[in-house]
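Enquirer: need a structure here:
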Amino acid sequence: MSFECTASQVSDAEALVMSQPQEQIVATDMAPERLVALLGPINAFYGFWVNGSPVLLARALGANFVDHTLPRGRTQGPHGPAQASKDFRGAIPDLRLTVVQRIVAGDRVISHLRFNGHFTGVFMDHAGAGQPVDFVAIDILRVRDGMITDNWHLEDNLTFLQQLGLVNQ
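Expert: Numbering: from 1, shown residues only. Next up, the predicted model:
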C-alpha cells in the first residue's frame, strides 16, 4: 500500500519518539505483550502525524481502515489521513503533534491530542500570515490483527478555522 504525502525533516525514528504520550493509562487486565502489539500501529500512526511519512502510515492502517467521522471531501480508507496530512502541512508546514494522554483498553486506544504551529501556507485558498495555530483533537482507534481498522475522531475545527482567520471569533 502506498500513500502520496511528503515526510517533513524529522526521521521516522525521531517521529516515533516525539509522538510518545505525556501520560498513558492502561487497563489493569492487559498483558504486557498485548500492550506492545496494540501500540505498534498506534505509535506508527502518531509518528505519521509528526512527519507525514507514508512508511509510518502504511505500518499503521489496515487496508480496510474506516474513518467513522469522515469530514466532507476526504477520501474514505487509508488514503484519507494521507490527504489530511498533506492539506494540514500545506497550511502549517511546522505542524507539531503532542499526545497529551492516552487510554488503552481492550482493542481501543483513546488519545487526547494537541496540534500547533504557524499558518504560513495555504488552506482553502487562503494564504496564512504566520499566525499561531493551537487546537485539540480526540481519537478513538480500534486495532485488529496488528493494524488500525477504525477511527472515530473529533477535532476542534472551530478554533482551528478561527485561528486561520476563516471564521470570525
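Enquirer: hey, let's count contacts and neighbours off CA atoms from now on
Expert: Will do.
Enquirer: tell me the mean pLDDT for the top helix by length along the chain?
Expert: Counting residues, the longest helix found in the chain (DSSP state H) is helix 32-51. Taken as a whole, helix 32-51 carries a mean pLDDT of 95.
Enquirer: same check on stretch 136-156?
Expert: 97.
Enquirer: mind listing what's buried in it?
Expert: Using 16 or more other CA atoms under 10 Å as the test for burial, stretch 136-156 gives 136, 138-143, 146-151, 153.
Enquirer: what's the answer for stretch 101-115, then?
Expert: For stretch 101-115, by 16+ other CA under 10 Å, it's 101, 102, 103, 104, 108, 109, 110, 111, 112, 113, 114, 115.
Enquirer: just put these in CSV and tack on secondary structure, distance to residue 74 and pLDDT.
Expert: Converted to CSV, these look like this (DSSP: H, G, I helix; E, B strand; the rest coil; distance: CA to CA, whole Å; pLDDT from 0 to 100):
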residue, secondary structure, distance to residue 74, pLDDT
101, strand, 26, 97
102, strand, 26, 98
103, strand, 27, 98
104, strand, 27, 97
108, strand, 23, 97
109, strand, 23, 98
110, strand, 22, 98
111, strand, 21, 98
112, strand, 22, 98
113, strand, 20, 97
114, strand, 21, 96
115, strand, 19, 94
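Enquirer: which of those residues lies closest to residue 65?
Expert: Nearest to residue 65 among the buried residues of stretch 101-115: residue 108, at 14.2 Å, using CA to CA.
Enquirer: tell me the contacts of that closest one?
Expert: 140, 141, 142, 143 (CA atoms under 8 Å, 6 or more residues apart in numbering).
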